[in-house]
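Undergrad: coordinates only, sequence not included:
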């Protein structure tokens, strides 16, 4: 397998994993145990808010699956 292809697939794998983690552990996820009065506080907008939409998550999952298949096929067959 070409080193350039391996580095490209590894980089895409890492970036898609980062996008998936940003979607899973966003600002609105989790339970705020210190919120005793039930009042929701407005959070400041994050620079990563554009990554927290469903199409970006689906594309990241598809890219990650493609990278896994690509790395596996290149290391096994070529």
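TA: Alright, I've got the coordinates. If you're wondering where the values come from, they're calculated on a predicted model, not measured in any experiment.

Undergrad: Now do the contacts for residue 12.
TA: Shown in contact with residue 12 (C-beta atoms under 8 Å, 6 or more residues apart in numbering): 63, 66-67. Where you see a C-beta, it was placed from the backbone N, CA and C, and this is true even at glycine.

Undergrad: Could you rerun that using 7 Å?
TA: 63, 67 (C-beta atoms under 7 Å, 6 or more residues apart in numbering).

Undergrad: How about the one 10 residues further on?
TA: When the contact criterion is C-beta under 7 Å, 6+ apart, the partners of residue 22 are 48, 51-52.

Undergrad: gap between the nearest residue to residue 51 once chain neighbours are set aside and residue 52?
TA: With sequence-adjacent residues excluded and distances taken as C-beta to C-beta, 6 or more residues apart in numbering, residue 51 is closest to residue 22, at 5.2 Å. Using C-beta to C-beta, to the nearest Å, residue 22 is found at 7 Å from residue 52.

Undergrad: Also residue 14?
TA: Residue 14 is 19 Å from residue 52, where distance means C-beta to C-beta.

Undergrad: Looking at these two, which is more packed in?
TA: residue 52 (17 against 12; other C-beta atoms under 10 Å).

Undergrad: hang on, the more buried one packs against residue 26?
TA: Yes - counting by C-beta atoms under 7 Å, residue 26 is a contact partner of residue 52 at 5.2 Å.

Undergrad: now the helices: where do they sit in the protein?
TA: Secondary structure of the chain (DSSP state H): helices at 3-24, 54-77.

Undergrad: Could you save those as TSV and add columns showing mean pLDDT?
TA: Output for the helices of the chain, formatted as TSV (pLDDT from 0 to 100):
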stretch	mean pLDDT
helix 3-24	92
helix 54-77	91
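
Undergrad: Of those, which is nearest residue 36?
TA: helix 3-24 (26.4 Å; C-beta to C-beta).

Undergrad: how far does the closest one sit from the chain's center?
TA: 8 Å (C-alpha atoms, centre = their mean, to the nearest Å).

Undergrad: List the buried residues in that helix.
TA: 9, 12-13, 16, 19-20, 22-23 (16 or more other C-beta atoms under 10 Å).

Undergrad: Quick one: residues in contact with stretch 49-56.
TA: Here stretch 49-56 makes contact (C-beta under 7 Å, 6+ apart) with 19, 22-23, 26.
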